[in-house]
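Engineer: Please work out how this folds:
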Amino acid sequence: AMHRRRILLCYYAAAASALQYAHPRPSPRTRRRSSEQTDPVLEVERLENAIAASTEPNEQKELAEKLGMSRMSAEMSVLSANAAFYDAFQSCDVAEMKAVW
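Structural biologist: Numbering: from 1, shown residues only. Down below sits the predicted model:
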């Protein structure tokens, strides 16, 4: 019963924290990033569009290889963020949940 109560309190703290950030945020496309840092999810979309727009088979092949690597990178970044959030949730670390969110 005590463990369940702690989980519920943590859940409510996370929900309250999320509501504080319910205001519209800039989309990932409009956020500023350093030239060295690329969002892997957006890179997948960019490469898919580049392949569709290309008429050169060699270029399409090269882009397809990059796309495969970008998809793996995007999947890993999502899984990493998910794991970090659930670790913070499990330990009821609201500050860390906010940082990951």
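Engineer: Assign a three-state SS to Ala74, would you?
Structural biologist: At Ala74, secondary structure determined by DSSP: H, G, I helix; E, B strand; the rest coil is helix.
Engineer: Okay, it and Cys92: tell me how far apart.
Structural biologist: According to Cβ to Cβ, to the nearest Å, Ala74 and Cys92 sit 29 Å apart. Placement of C-beta: from N, CA and C, glycine included.
Engineer: do Lys61 as well
Structural biologist: 49 Å.
Engineer: who has more neighbours, the two?
Structural biologist: Set side by side, Lys61 and Cys92 show more neighbours around Cys92, with 15 against 12, by other Cβ atoms under 10 Å.
Engineer: Mind jotting down where the helices sit in this protein?
Structural biologist: For the chain, the helices defined by DSSP state H occupy 2-20, 40-53, 57-90, 94-100.
Engineer: Worst mean pLDDT among these?
Structural biologist: Note on those: lowest mean pLDDT is at helix 2-20, with a mean of 62.
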